[in-house]
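1. I'd like to go over a predicted model; first the sequence, then the structure.
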Amino acid sequence: MSVLNEFKAVATGMWTTFRSIFEKPITYQYPEVKRPVRTRFKGRHVLERYENGLERCIGCSLCSAACPADAIFVESEENTDEVRFSPGERYASTYEINMLRCIYCGYCEDACPTEAIVLGDNYELSFTSRSDAIYDKNMLLVPVPEGGAPTPQEVEPGAFDRSVPDMEDPID
Amino acid sequence: MDTALLLEWVIKGAILTLILVTGFAYTTLYERKLLAKIQVRIGPNRVGPGGWLQPAADGIKLIFKEELIPARADKILFVVAPVITVIPALVIMAVVPWGSTVQMFGREIFLGVGDINVGVLYIMSVASIAVYGITLAGWSSNNKYAMMGGLRSAAQMVSYELALGLSFVPPIMLAGGMGVGEIVKAQENVWFVVWQPIGFLIFLIAALAEVNRAPFDMPEAEQELTAGYHTEYSGMKFALFFMAEYIKMVAVSAIGASLYFGGYLGPFVDRLPWLGPIYLFIKILIGLGLMIWIRATLPRIRYDRLMAFGWKVLLPLSLANVFITAIIIVAIG
């Protein structure tokens, strides 16, 4: 009896939807409850520091070159041992990311020779004007770690002559 | 006719209209909440405690929206169409009694606006007027999607109104009268759904098609017609279409409850007549819940199948149902 089968099909569907009324909602009440992001989530960028507080960014502009959306602007200047921002010769005096252009592809992360720029966990980026969408270096830099000193630092001559540190295989 | 009677009618009419308009607002909330439950979501819960002020927020939003009239639209029809749709939806409930009579202000007051002796016919004829509004809205919009939606709705309503009309006939025959009040009173011992399960099924399907609810929401099939007949409508004019649809849902639930589920009747209602409206309200809530549940479950059926089902299955079935019911009534006496 095909008619009976049709009725059975409808009844099965109705029963399925009826059962789901008693399931617990899976909704996250967003502004109050935030869903934890995945380990490889690509959120807003951060500029990392070394343990001693020096900036990892050496102002090489490789991120800017790798950026397919042309969102990153870097200007670099020379480090001296009296005014030192990062190890090696140069540091980024200007570092700006236009968050309206960024597509969060993570190429900048891949291009960076010092693992200075990392796409972090923050996804709550909303702006009220275009100029607010441009994040400068102060907004991107992470706070100085414990035991470190803020940049610029005055260091003893010849202690930081390498721009690119020895690095292990990248982790998440 | 004395002035007090006139005043009584005006007050009852105003109360019914107010209840329906409020009911419309809260039917939308009910639908969103229940649909969310079925889809394992939470639903609106931001405006007011538990989202209870959401309809008010929606209404305010719609009032402040821009009213657009498309270029080269038929302006008069474009403005009149929502009104033609919403007025029948509002007046259709007038013949459904909410209860028996109560003593108030020293007079017998009948709970219900007007229980006329051809109530069922009135329902049929008024419900048919609403289709003009929808078709005219589609026609006057000067938009091909709206036009298609309007035409579909005309075709669909003509097809399903036959079955709907025939599904009204068994309760009329069982009660021996056309007034909704008479039909309700005839169900004092047994609800008609017990004698007429097929009749109720036909009524349910045809009523869903009549009020353009899923799975028969052809006139506004989003995937094919953007929004169907109300594609070009915005602001309060759109709200009127929305209102008509939801008030018709309430009305259809009330009519279904009265014809097949004993209307305002229930335990102790003969001693406490004020229980009548409460019983009817509960029955309407269950009816609305059923419609929302069906919407959450069944996908929209294809247009040609909709027409084939209406003409080749539903109409013969309802005719056979009426025929067999008539024979049994004559045989038993």
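-> Received the coordinates, thanks. Numbering: from 1, shown residues only, chains lettered A, B, ... in the order given.
2. Does anything pack onto the longest helix along chain A? Which helices or strands?
-> Across chain A, the longest stretch assigned as helix under DSSP state H is helix A:2-20. Using 3 or more Cβ pairs under 8 Å, 6 or more residues apart in numbering or on different chains; DSSP states H and E, the elements in contact with helix A:2-20 are helix B:3-38, helix B:275-297. C-betas here are computed from N, CA, C, even on glycine.
3. so how far is B:Gln187 from B:Gly114?
-> 20 Å (Cβ to Cβ, to the nearest Å).
4. err, B:Leu314, not the other one
-> For B:Leu314 relative to B:Gln187 (Cβ to Cβ), the value is 24 Å.
5. Dump the C-alpha coordinates for stretch B:290-306 into PDB.
-> Below are the C-alpha coordinates for stretch B:290-306, written out as PDB (Å, rounded to 0.1, in the frame of the first residue of the first chain):
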ATOM      1  CA  LEU B 290       0.200  21.900  14.800                       C
ATOM      2  CA  MET B 291       0.600  24.300  11.800                       C
ATOM      3  CA  ILE B 292       4.000  25.400  13.000                       C
ATOM      4  CA  TRP B 293       5.000  21.800  13.600                       C
ATOM      5  CA  ILE B 294       4.000  20.900  10.100                       C
ATOM      6  CA  ARG B 295       5.900  23.900   8.700                       C
ATOM      7  CA  ALA B 296       9.000  22.700  10.600                       C
ATOM      8  CA  THR B 297       8.700  19.200   9.200                       C
ATOM      9  CA  LEU B 298       7.500  19.100   5.600                       C
ATOM     10  CA  PRO B 299       9.200  20.700   2.600                       C
ATOM     11  CA  ARG B 300       7.200  22.600   0.100                       C
ATOM     12  CA  ILE B 301       5.600  20.400  -2.600                       C
ATOM     13  CA  ARG B 302       6.100  21.000  -6.300                       C
ATOM     14  CA  TYR B 303       3.500  23.200  -8.000                       C
ATOM     15  CA  ASP B 304       2.200  20.600 -10.400                       C
ATOM     16  CA  ARG B 305       1.900  18.000  -7.700                       C
ATOM     17  CA  LEU B 306       0.100  20.600  -5.600                       C
END
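6. can you map out the strands along chain A?
-> For chain A, the strands defined by DSSP state E cover A:45-47, A:72-78, A:90-98, A:117-119, A:134-135.
7. Which of the ones you listed sits closest to B:Ala257?
-> B:Ala257 lies closest to strand A:117-119 among the strands of chain A, at 58.6 Å (Cβ to Cβ).
8. Report the residue spans of chain B with pLDDT below the cut-off.
-> Applying pLDDT under 70 to chain B flags the ranges B:1, B:106, B:218-223, B:333.
9. which residues of it fall in strands?
-> Under DSSP E, chain B gives strands at B:101-104, B:107-110.
10. export these to CSV and tack on mean neighbour count and distance to chain A?
-> CSV is the format used below for those (neighbours: other Cβ atoms under 10 Å in any protein chain shown; distance: least, Cβ to the nearest Cβ, whole Å):
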stretch, mean neighbour count, distance to chain A
strand B:101-104, 12, 36
strand B:107-110, 13, 38
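11. Would you reformat those strands as CSV and include distance to A:Ala71?
-> Below are the strands of chain B laid out as CSV (distance: least, Cβ to Cβ, whole Å):
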stretch, distance to A:Ala71
strand B:101-104, 73
strand B:107-110, 73
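12. And for residue 127, the neighbour number?
-> In the absence of a named chain, chain A is used. Neighbourhood size, A:Phe127 [other Cβ atoms under 10 Å in any protein chain shown]: 12.
13. wait, chain B
-> For B:Ala127, using other Cβ under 10 Å, the count is 23.
14. got a list of what it touches?
-> By Cβ atoms under 8 Å, 6 or more residues apart in numbering or on different chains, the contact list for B:Ala127 reads B:88, B:92, B:161, B:164, B:210, B:248.
15. Off-centre distance for stretch B:272-280?
-> 21 Å (Cα atoms, centre = their mean, to the nearest Å).
16. and the residue lying closest to A:Leu54 once chain neighbours are set aside, how far is that from A:Gly43?
-> In space, and not counting its chain neighbours, A:Leu54 is closest to A:Ser86: 5.5 Å by Cβ to Cβ, 6 or more residues apart in numbering or on different chains. For A:Ser86, the distance to A:Gly43 (Cβ to Cβ) stands at 24 Å.
17. Compare the two and say which one has the larger neighbour count.
-> Per other Cβ under 10 Å, whichever of A:Ser86 and A:Gly43 has more neighbours is A:Ser86, with 25 against 15.
18. Spatially central residue in chain A, please.
-> The centroid of chain A falls nearest to A:Leu119 when counting by Cα atoms, centre = their mean (1.9 Å).
19. is that residue in a bridge, and if so with what?
-> A:His45 (DSSP bridges).
20. Would you confirm that it contacts A:Gly106?
-> Yes. In this structure A:Leu119 lies within contact range of A:Gly106 using Cβ atoms under 8 Å: 5.3 Å.
21. Touching both of the two, which residues are there?
-> Common neighbours of A:Leu119 and A:Gly106 (Cβ under 8 Å, 6+ apart) are A:Lys42.
22. Count the neighbours of the closest residue to chain A within the stretch 151-300 of chain B for me.
-> Residue nearest to chain A within the stretch 151-300 of chain B: B:Thr297 (4.5 Å; Cβ to the nearest Cβ). B:Thr297 has 18 neighbours, counted by other Cβ under 10 Å.
23. got it, and B:Arg295?
-> 19.
24. what's the answer for A:Glu78, then?
-> For A:Glu78, using other Cβ under 10 Å, the count is 10.
25. Also B:Phe24?
-> Neighbours around B:Phe24, by other Cβ under 10 Å: 24.
26. what's the nearest residue to it once chain neighbours are set aside in contact with, if anything?
-> Leaving out its chain neighbours, the residue that sits closest to B:Phe24 by Cβ to Cβ, 6+ apart is B:Tyr246, at 4.5 Å. By Cβ under 8 Å, 6+ apart, the contact set of B:Tyr246 is B:23-24, B:27-28, B:31.
27. residues making contact with stretch B:195-208?
-> Contacts of stretch B:195-208 (Cβ under 8 Å, 6+ apart): B:160-161, B:163-164, B:166-168, B:170-171, B:174, B:192-193, B:214-216, B:252, B:255-256, B:259-260, B:290-291, B:294, B:314, B:317-318, B:321, B:325.
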